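Asker: need coordinates for the following:
(one chain, ligands or ions: 4)
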Amino acid sequence: MTEKLVLIGNGMAGIRTVEEILKKDASRFQITVFGEEPHPNYNRIMLSSVLQGDSTVDDIVLNDYNWYEENHIELLTGDPIVKVDAEKQVVYSQNGLERSYDKLIFATGSNAFMLPLPGADKEGVIAFRNIKDCETMIETSKKHKKAVVIGGGLLGLEAARGLLNLNMEVDVIHIADFLMERQLDEQAGKMLKTELEAQGMRFHLKKNTKQILGKDRVQGIEFTDGTSLETDLVVMAVGIKPNIALAQEAGLTTERAIVVDDFMQTNVNQIYAVGECAQHRGIAYGLVAPLYEQGKVLAAHICSENESLEHGYQGSLVYTQLKVSGVNVFSAGHFQDSKETKAIRVHDEFEGIYKKVVVQDNKVVGAVLFGDTSDSTRLLSMMRNGDDISAMSKVALLPSESGEAQVSPVVAMADGDNVCDCNGISKGAICSAITENGLTTVEEVKQCTTAGRSCGGCKPLIADLLTLTTGEEVGNMPEPLCGCTEYTHEEVVAEIRELGLSHPREVMNVLGWESDEGCSKCRPAINYYLKMVDPIKNADDPTSRFINERAHANINHNGTFTVVPRMYGGVTDSGQLRKIADVADKYNVPLLKITGGQRIDLFGVEKEDLPNVWSDLGMRSGSAYAKALRTVKTCVGEQFCRFGTQDSIGLGVELEKKFEYINTPHKVKMAVSACPRNCAESGIKDFGVVGVDGGWELYVGGNGGVDLRGGDLFCKVKTKEEIIDTISAFMQYYRENARYLERTSHFVERVGLDQMKQVILEDEEGRKSLINRMEIALSTGKDPWKEIVENEELQKEFKKKQVEVLS
Ligand SMILES: Cc1cc2nc3c(=O)[nH]c(=O)nc-3n(C[C@H](O)[C@H](O)[C@H](O)COP(=O)(O)OP(=O)(O)OC[C@H]3O[C@@H](n4cnc5c(N)ncnc54)[C@H](O)[C@@H]3O)c2cc1C
Ligand SMILES: NC(=O)c1ccc[n+]([C@@H]2O[C@H](COP(=O)([O-])OP(=O)(O)OC[C@H]3O[C@@H](n4cnc5c(N)ncnc54)[C@H](O)[C@@H]3O)[C@@H](O)[C@H]2O)c1
Ligand code: SF4
Ligand code: FES
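Answerer: Numbers count the residues shown, from 1 in each chain. Ligands and ions are numbered 1, 2, ... in the order given. Coordinates of the predicted model:
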């Protein structure tokens, strides 16, 4: 008879154990999984990425409901086990279900540790542990501005970064005198603080919180030194507490967590524990790599038909990396100085790089790297293998960077070394998968081997391995468009062209999308590609657009909208200003603001007022919400400036009028300056024009936002017409060849200026046909405000209470 296996806890460690069991013997157990959270197994690590706006909740599901069904696993979500009768071998759930078991696995994880402060039960005081916490933070950021994170460890800093991305002001309260003191030494902790302050975080070190202030909802926090801070949200990130109450009641031996032996066996026969709720040789781990190692051992043990395994779980070497973009921090092993250890340190104050390698008995036992973490894989491998470094010159442990191309650390790795620690996948396993299955992208390796499926930190190494194994450069190899498909952006466009596809649903259907509805990544992309390929025949699908593009205005955190009328070249007149003033009075517009793009924002307009506001303004949409041309900033130029040699305003207005409603892969900004003093900041725009003696210079791929980049000089021409034609050809080339949501700054780097110059400047025929195709696309451009103002049917959308958000 099939044995019954019950798993308590539908999290990362428990389900990984089940996956390992299925790999070994899929028909061995009849499996039931109870999960307290109302979700299938998801990647908890990636909650930081969801909060930081880089992934959606759908993106982070590891095993969807189909997976359980396909593997004949009974999944009971939102129904925690409340009692275990170890003698009768039965578990009881909150909803009154009972299941008997032959083997029982506890994988109940941890709870966030909540400081028992007066006021900690107020609304707005939360942890950062699950999807619900993540959603609460996102919702709170729409209504409130100030957030406090208590705890300057990994979790606290990742939460703080996410809250900054949600446009909140963030104060981090930390008890120690430098950040991440459990993972870093003082020098690295201080450098980290400087880096994160530059990103906008405010730190309060050596601070102890006394109480949470406020009525029902948190309004502030008070510290033991008598000072206080106002806040609308408190996120506690001060460590975790293994979830062991159920195990204690069931009679299992617990200390900090459930005590297990090398085979994850508890003191009670047939009951096992794995993951954060388990304590092995005195350690309860809080990172996935060790938990997955435990899962592998447990699966092997319970599938081994009682034949004893040679080795059980021996404990893990722990290492961490902070997942905050723009910051490279790595820490591993015993990195603190002691009497028994000696350290090699490199501190480059010019480059902001700090490296420390700790050595004991001629072996590397720990490391801290800040600013440049490229040595991490090599050092980890030395620690794991216990390499004897007595024959090595110690400074060779931290090779200085020369101008020579860096050799990937995977080259020096042995076949048995893990490339992906989270999932325990070795270099040898990845190489075999690549050659045996003809894999060519990181995504394919991830699907095939699970490497890269958790924190994603190993993806650069996987890319290097692909390059090494296939001999092709894969660093820039396109990934699939999204998780719904294996097709890359380029392949989707090619299929649309070849099969004459005309609607997003048709594309998803014909190309065998995994989900009928697609997702927030693929739907807007397909919609864009369809219109780009055939602007005349293919209609726009508004349901595949994001909320701002459906409302033709920018949504604000309180649900109101911002209206930005067009002001060609940043030029306005008294008539427009009067109309804006009248509209502001009539609709109680709370804020009027001059933008960096030289126009006027009307903030705080109610959704149902939008069509009337547009009608009263009588101005055209400024596309401030669209993946299209936004603004053309101009300097005053020859009209008034004593340095001006060219008509910058005239050219700017002409460019804006020509290209105003053309869809592009991402937003496009332009600027025209009439002399090299460059008052319109042409160097940081997608297309920047600068007047010079006897003509104009065109700069491309500039960006003044997150990825600050100076534009590249593309060409120098004599006439205004040549500039307009070149921009026309370039923009069409960008429209046809960039991936959706790829800014020109990245596109230029990916494709290379030489290639672009060849097509746009040197190939006369190619240039002409690009300009022709641009003209066809331009002929379909319409002012969306005018369309809605003139169509009562379209206005009904704005009367609905909620605009459905495609997030
Ligand atoms: C935001 C965030 C970022 C992180 N980033 C990283 C990282 O970059 N790298 C890294 O290695 N680690 C990271 N971690 C830690 C990592 O996510 C955890 O170590 C890992 O998820 C623990 O897995 P687990 O299965 O033991 O516990 P969990 O994932 O907590 O799963 C346990 C599950 O059991 C359920 N449960 C509890 N009691 C019961 C019951 N009685 N009945 C039924 N179900 C129950 C819980 O609801 C939960 O769903 C991060 C954690 C967070 C919160
Ligand atoms: N990138 C990653 O690997 C990653 C990211 C997030 C979470 N995690 C894991 O999730 C778990 C939770 O993370 P964490 O950062 O909460 O735990 P942690 O133990 O690493 O850090 C908690 C921090 O809070 C500080 N602290 C404690 N009490 C405080 C108080 N009263 N006031 C202010 N600060 C206080 C501590 O000094 C410590 O630095 C850990 O197991 C961690 O490894 C890992
Ligand atoms: S860029 Fe030159 S022409 Fe234009 S405003 Fe500045 S100084 Fe005058
Ligand atoms: S190391 Fe985290 S996914 Fe590979």
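Asker: break the chain down into its structural domains.
Answerer: 3-109+242-303, 125-238, 319-401, 418-476, 489-545, 546-626, 631-783 (automatic domain parsing).
Asker: which of those domains has the lowest average pLDDT?
Answerer: Looking at the domains of the chain, the lowest mean pLDDT belongs to domain 418-476 (a mean of 80).
Asker: and it with ligand 2, contact?
Answerer: No - Domain 418-476 lies out of reach of ligand 2 by C-beta under 6 Å from any ligand atom, never closer than 6.8 Å. C-betas here are computed from N, CA, C, even on glycine.
Asker: next one: that domain to chain centre, how far?
Answerer: Here domain 418-476 shows a centroid-to-chain-centroid distance of 20 Å under the convention C-alpha atoms, centre = their mean, to the nearest Å.
Asker: what's the helix or strand for residue 297?
Answerer: Residue 297 is part of helix 288-302 when elements are defined by DSSP states H and E.
Asker: now for that helix, which elements pack on it?
Answerer: The contact analysis (3 or more C-beta pairs under 8 Å, 6 or more residues apart in numbering; DSSP states H and E) places helix 288-302 against helix 12-24.
Asker: and ligand 4, is the helix it packs on touching that?
Answerer: No - using C-beta under 6 Å from any ligand atom, helix 12-24 stays clear of ligand 4, with a minimum separation of 11.5 Å.
Asker: what residues sit buried inside that helix?
Answerer: Of all the residues in helix 12-24, those buried under the rule 16 or more other C-beta atoms under 10 Å are 12-22.
Asker: quick check, nearest of those residues to residue 135?
Answerer: The nearest member of the buried residues of helix 12-24 to residue 135, counting by C-beta to C-beta, is residue 12 at 19.2 Å.
Asker: contacts only, for the closest one.
Answerer: With contacts defined as C-beta atoms under 8 Å, 6 or more residues apart in numbering, residue 12 is in contact with 41, 43-45, 62, 275, 288, 291-292, 454.
Asker: which residue ranges of the stretch 351-500 of the chain form helices?
Answerer: Assigned by DSSP state H, counting those that start in this stretch, the stretch 351-500 of the chain shows helices spanning 376-385, 427-437, 442-449, 459-470, 489-499.
Asker: can you put the ones you listed in TSV and add mean neighbour count and distance to ligand 1?
Answerer: Output for these, formatted as TSV (neighbours: other C-beta atoms under 10 Å; distance: least, C-beta to the nearest ligand atom, whole Å):
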stretch	mean neighbour count	distance to ligand 1
helix 376-385	20	14
helix 427-437	17	19
helix 442-449	21	16
helix 459-470	20	13
helix 489-499	16	28
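Asker: adding distance to residue 549, write the ones you listed out as a markdown table.
Answerer: Output for those, formatted as a markdown table (distance: least, C-beta to C-beta, whole Å):
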| stretch | distance to residue 549 |
| --- | --- |
| helix 376-385 | 41 |
| helix 427-437 | 39 |
| helix 442-449 | 27 |
| helix 459-470 | 31 |
| helix 489-499 | 19 |
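Asker: now do the SS call for residue 630.
Answerer: Secondary structure state of residue 630, per DSSP: H, G, I helix; E, B strand; the rest coil, is strand.
Asker: count the neighbours of it for me.
Answerer: The number of residues packed near residue 630 is 25, by other C-beta atoms under 10 Å.
Asker: again, but for residue 248
Answerer: Residue 248 has 11 neighbouring residues, counting by other C-beta under 10 Å.
Asker: return the residues in contact with it.
Answerer: By C-beta under 8 Å, 6+ apart, the contact list for residue 248 reads residue 254.
Asker: buried sites along the host helix or strand of it?
Answerer: In the assignment (DSSP H and E), residue 248 maps to helix 245-249. For helix 245-249, a neighbour-count test (16+ other C-beta under 10 Å) marks 246-247 as buried.
Asker: just the CA trace of it, in CSV.
Answerer: Extracted in CSV, the C-alpha atoms of helix 245-249 (Å, rounded to 0.1, in the frame of the first residue of the first chain):
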residue,chain,number,x,y,z
ALA,A,245,4.5,26.0,19.0
LEU,A,246,2.6,23.2,17.2
ALA,A,247,5.7,20.9,17.4
GLN,A,248,6.1,21.6,21.1
GLU,A,249,2.4,20.7,21.7
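Asker: beyond it, next helix or strand please.
Answerer: That would be, after helix 245-249 and using DSSP H and E, strand 258-260.
Asker: any residue of that following strand touching ligand 1?
Answerer: No - Strand 258-260 is not in contact with ligand 1 by C-beta under 6 Å from any ligand atom; minimum separation 11.1 Å.
Asker: packing partners for that strand?
Answerer: Packing partners of strand 258-260 (3+ C-beta pairs under 8 Å, 6+ apart): strand 271-273, strand 278-280.
Asker: nearest to ligand 1, of the ones you listed?
Answerer: Among the helices and strands packed on strand 258-260, the nearest to ligand 1 by C-beta to the nearest ligand atom is strand 278-280 (7.9 Å).
Asker: quick one: that closest one near ligand 1?
Answerer: No - against ligand 1, strand 278-280 shows no contacts by C-beta under 6 Å from any ligand atom, the least distance being 7.9 Å.
Asker: what residues does that strand touch?
Answerer: 106, 242, 254-262, 264, 284, 294, 313, 315.
Asker: wait, which of these is closest to residue 385?
Answerer: Among the contacts of strand 278-280, and counting by C-beta to C-beta, the member closest to residue 385 is residue 315, at 15.7 Å.
Asker: any idea how many residues pack against residue 754?
Answerer: For residue 754, the neighbour count with other C-beta under 10 Å is 8.
Asker: distance from whatever helix or strand it lives in to the middle of the chain?
Answerer: Assessed by DSSP H and E, residue 754 sits inside helix 753-757. Relative to its parent chain, helix 753-757 has a centroid offset of 30 Å by C-alpha atoms, centre = their mean.
Asker: residues in contact with it?
Answerer: 700, 712, 714-715, 730, 733, 748.
Asker: the residue in the stretch 201-350 of the chain that ligand 2 sits nearest to and ligand 1, how far apart?
Answerer: When scored by C-beta to the nearest ligand atom, the stretch 201-350 of the chain has residue 286 as its residue closest to ligand 2, at 2.3 Å. According to C-beta to the nearest ligand atom, to the nearest Å, residue 286 stands 5 Å off from ligand 1.
Asker: from residue 183, how far off is that residue?
Answerer: 11 Å (C-beta to C-beta, to the nearest Å).
Asker: could you name every residue contacting both of the two?
Answerer: Residues touching both residue 286 and residue 183 (C-beta under 8 Å, 6+ apart): there are none.
Asker: more neighbours: which of those two?
Answerer: Set residue 286 next to residue 183 and count neighbours by other C-beta under 10 Å: residue 183 wins out with 22 against 18.
Asker: about what we covered before: quick check: which of the helices and strands packed on strand 258-260 is buried the most?
Answerer: Each of these was scored by mean neighbour count; the highest is strand 271-273, a mean of 27, by mean count of other C-beta atoms under 10 Å.
Asker: output the contacting helices and strands for it.
Answerer: The helices and strands touching strand 271-273, judged by 3+ C-beta pairs under 8 Å, 6+ apart, are strand 103-106, strand 258-260.
Asker: rerun at 7 Å
Answerer: Here strand 271-273 touches strand 103-106, going by 3 or more C-beta pairs under 7 Å, 6 or more residues apart in numbering; DSSP states H and E.
Asker: tell me the SS of residue 530?
Answerer: Assigned state for residue 530: helix (three-state reduction, three-state DSSP).
Asker: identify the residues contacting the residue in the chain positioned nearest to ligand 1.
Answerer: In the chain, the residue that lies nearest ligand 1 is residue 11 (1.9 Å; C-beta to the nearest ligand atom). Neighbouring residues of residue 11 by C-beta atoms under 7 Å, 6 or more residues apart in numbering: 41, 44, 107, 109, 275.
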